[in-house]
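Engineer: Show me how the following folds:
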Amino acid sequence: MKVIIRINGDVISAYIPKKDLEEPIISVEDEDLLGDSVLLRNGWRLALPHLPQDTRLPVTVEARRMCGRPDRGAHG
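Structural biologist: Sure, this is the predicted structure:
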């Protein structure tokens, strides 16, 4: 799925247009890369391509949803 990684102030978030869902990224698997696996505030875990920390945001990437909270109450 397409995911837009963007920053608002000091918060990095993931926006999923297909779901009209935006959630802050609360943890990353590798502190040197924004990639591998990221955890969103709503409990979703996304697999992202490797992006260096100095990647200019916003950036659109192809992500894959990993095991996480069931899709309940999502917008869409």
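
Engineer: same for the lowest-mean-pLDDT helix or strand in the chain, what does it pack against?
Structural biologist: Counting by mean pLDDT, DSSP states H and E, the weakest-scoring helix or strand in the chain turns out to be strand 36-40, with a mean of 90. If you count contacts as 3 or more C-beta pairs under 8 Å, 6 or more residues apart in numbering; DSSP states H and E, strand 36-40 packs onto strand 21-28, strand 45-48. C-beta coordinates here come from the backbone N, C-alpha and C atoms, glycine included.

Engineer: tell me what the longest one is packed against?
Structural biologist: In this structure, strand 21-28 packs against strand 11-16, strand 36-40, with contacts taken as 3+ C-beta pairs under 8 Å, 6+ apart.

Engineer: What are the buried residues along it?
Structural biologist: Within strand 21-28, the residues scored as buried using 16 or more other C-beta atoms under 10 Å are 21-23, 25, 28.

Engineer: what's the answer for the last one, then?
Structural biologist: Neighbour-count burial for strand 45-48 flags 45-46, 48 (criterion: 16+ other C-beta under 10 Å).

Engineer: so can I have a markdown table of the helices and strands packed on strand 36-40 showing mean pLDDT and distance to Val11?
Structural biologist: Formatted as a markdown table, the helices and strands packed on strand 36-40 follow (pLDDT from 0 to 100; distance: least, C-beta to C-beta, whole Å):
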| stretch | mean pLDDT | distance to Val11 |
| --- | --- | --- |
| strand 21-28 | 94 | 5 |
| strand 45-48 | 94 | 16 |
